[in-house]
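1. with the sequence up front, the predicted model follows.
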Amino acid sequence: MKPTNYAVILLIPVLLCAGACSQLLKKPVFKPQPMPSATSRPGEKIPPSDLYYHVIRGEVYQADRDWAHAIDEFKSALAYDANSAYLHVLIGSLYLMQNNPDEAIKWCERAISFDHHYLEAHLLLAGIYSSRNDLNDAIKEYETIIAIDPKHQESYLLLGSLYAETKQYDRALETIQKFIRINNESVMAYFYLGNIYADIKDFASAEKNYLKALELLPTFESALINLGTVYEAQRNIPKALESYKKVLEFYPQNQQVRNRLAYLLILMKDLDGALQQYTFLKKELGDEQGETSIKMGLIYIEQKKWSLARDEFLTVLKKNPTSHSAHYYLGSTYEEMGNSAEAMDSFRRIPPESELFAQAQIHLGYIYDKKGDSATSKKIIQEALRTKNNELNLYRFLASLHEKEKNYTEGIRILKQALTINPNDEEILFYLGVLYDKASLFEESIASMKTVLNLNPQNADALNYIGYTYADRGIHLDEAEKLLKKALELKPNDGYIIDSLGWVYFKKGQYKKALQELEKAVMFSPEDPVIAEHLGDVYLTNNRPVKALEMYERSLKLDPSREAVKKKLHAIKVNE
């Protein structure tokens, strides 16, 4: 199931059900108005038995679902009772059985012209209008029904739901509450109220009414499900889990709820619990399309249980050898297992028309690049672009291959080509700014990052990039501080942003502030060699050479190629 759609499903009156039409129409005691037939003599009366003859024959045809002959017989009956609202609505209902709602409406309107208070005509019209999504016309009919019969309970519920459907929430609430004053034990009334309150995001009131419905009927499946979605909307996942588990106590075969429960358990990091739900689904309800096995395989990937993941995807492929998702995830699993030959075979089985094709080609390119064959990697991506020239991920990966070779000019060219497809793609623009920076094109780099911020002022990474670039160059330090503080509001525990702010303070000569921020940065990002170096610089400036030595050694351990750190370390040791 999908979360969260609280729209009340409009109930089509039972009149629309095949074979049920005449059962709900109240059969009147016929008081036929005798009419002369073509063969009768002047002044001769037609006996009532002729009317009943056609009615009975019509009912026989109706029972056999022979709508056309039934209509003919009831029309013949009208010759003896031309103003019968009952017969007109009955004929209208049969036209509806023939999927001819326009004719059904005409006959109902004729019935109303004879008897405006004939409820069955208004009910059938309301049902037809609802089914055709002519909601305003349906509303008018239900309003008329309630005016005729203020105790017609079903109409209050249906009218309330239609008001909600047309966003007339105040009238919807008023209508259902009016009905509750007539019948305060109606389970459906409290359920509908819960739905309306959920629609207007008054989740507390929605919860209250769902609970009232469940108090009256503890096994009410839809109320339990909707209560769970309300708890989800309130981000009360434990309560949502409780509600969905209660559904399964009464309805263990509910596939929709088991899938939702598994999803929430995954969010709660209870992967084993989610697996239990999927295992039940697979065992009890089957898995013809392999969707459950795919989900189980993804959980096993998350748990790094590669063999179990592989087995799930292979199970899917036995049933559906052309499953693109199974081939893709199987390839990813083989890749993690170090079985590159099997991985490449799986990725190659994904055809160009698949949504997963581009990502599969990127995986293939990555495998070849990892083997040191960057030429083949580039060739794979270039060929993929001939088929999928609008896939931005392909451009991004191809640019990264050139970046790895320090061919920044070519990487920039590729990203600019990607921007002709989508000039406002934040990721492409950000990456372009990075490559401009690496190509020593400072102005272009800052301009690209500012374009990102124009598109999304909340992009913390772009704020950080500009702020750090200014700090590293020792320029625009006040602006850099402002940008970085904004970035930290968005990502308060990001070690890289904290490091950038510390570096701004260092360049401003505010060494105590710099020390405070950089010690925090190392705590959040202990594996970054640049942050360790920065903290070493601040320790040294604060006349703490021993701590500086410790940080420089950590930086070199994380990245032995850092020549500048080696020189700093050597200088400390010489001066000891």
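-> Sure thing, it's come through.
2. switch to C-alpha atoms for all contacts and neighbour counts from now on
-> Fine.
3. next structured bit after the longest helix anywhere in the chain?
-> Using DSSP state H, we find that the single longest helix of the chain is helix 48-63. Moving toward the C-terminus from helix 48-63, the next helix or strand (DSSP states H and E) is helix 67-78.
4. now do the buried residues in the longest helix of the chain.
-> Leu51, Tyr52, His54, Val55, Ile56, Arg57, Gly58, Glu59, Tyr61, Gln62 (16 or more other CA atoms under 10 Å).
5. what does stretch 91-100 give?
-> Quick answer for stretch 91-100 (16+ other CA under 10 Å): Ile91, Gly92, Ser93, Leu94, Tyr95, Leu96, Met97, Gln98.
6. in CSV, list those along with pLDDT and distance to Ala521.
-> Output for these, formatted as CSV (pLDDT from 0 to 100; distance: CA to CA, whole Å):
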residue, pLDDT, distance to Ala521
Ile91, 95, 80
Gly92, 94, 77
Ser93, 94, 75
Leu94, 96, 77
Tyr95, 95, 76
Leu96, 94, 72
Met97, 94, 73
Gln98, 94, 74
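7. farthest-apart pair in those, please.
-> Pairwise distances across those (CA to CA) peak at 10.8 Å, for the pair Ile91 and Gln98.
8. any low-confidence regions in this protein?
-> 1-49, 576 (pLDDT under 70).
9. repeat that with 50
-> For the chain, the stretches flagged by pLDDT under 50 are 1-47.
10. backbone dihedrals for Asn83, please?
-> Main-chain torsions, Asn83, degrees, to the nearest 10: phi -100, psi 20.
11. burial count for it?
-> 17 (other CA atoms under 10 Å).
12. which residue is the nearest non-sequential neighbour of it?
-> Phe114 (6.1 Å; CA to CA, 6 or more residues apart in numbering).
13. then Gly297?
-> Here the residue nearest Gly297, using CA to CA, 6+ apart, is Ala309, at 4.2 Å.
14. just checking, the one you found touches Tyr300?
-> Yes: the criterion here is CA atoms under 8 Å, and Ala309 meets it with Tyr300 at 5.0 Å.
15. neighbour count winner among the two?
-> Using other CA under 10 Å as the criterion, Ala309 and Tyr300 rank with Ala309 on top: 26 against 21.
16. secondary structure element holding the more buried one?
-> helix 306-319.
17. which helix or strand lies directly C-terminal to that helix?
-> helix 324-336.
18. got the buried residues for that next one?
-> His324, Ser325, Ala326, His327, Tyr328, Tyr329, Leu330, Gly331, Ser332, Thr333, Tyr334, Glu335.
19. packing partners for it?
-> For helix 324-336, the packing partners by 3 or more CA pairs under 8 Å, 6 or more residues apart in numbering; DSSP states H and E come out as helix 291-302, helix 306-319, helix 340-348.
20. can you check which of those gets nearest to Gly509?
-> helix 291-302 (45.9 Å).
21. can I get that closest one as PDB, trimmed to CA atoms?
-> Taking Å, rounded to 0.1, in the frame of the first residue of the first chain, the C-alpha atoms of helix 291-302 are listed here in PDB:
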ATOM      1  CA  GLU A 291       9.200  -9.100  -5.600                       C
ATOM      2  CA  THR A 292       9.500 -10.500  -2.100                       C
ATOM      3  CA  SER A 293      12.700 -12.300  -3.000                       C
ATOM      4  CA  ILE A 294      14.200  -9.100  -4.400                       C
ATOM      5  CA  LYS A 295      13.400  -7.300  -1.100                       C
ATOM      6  CA  MET A 296      14.900 -10.200   1.000                       C
ATOM      7  CA  GLY A 297      18.000 -10.100  -1.200                       C
ATOM      8  CA  LEU A 298      18.400  -6.400  -0.600                       C
ATOM      9  CA  ILE A 299      18.200  -6.900   3.100                       C
ATOM     10  CA  TYR A 300      20.900  -9.600   2.900                       C
ATOM     11  CA  ILE A 301      23.100  -7.200   0.900                       C
ATOM     12  CA  GLU A 302      22.600  -4.600   3.700                       C
END
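22. no further questions, thank you.
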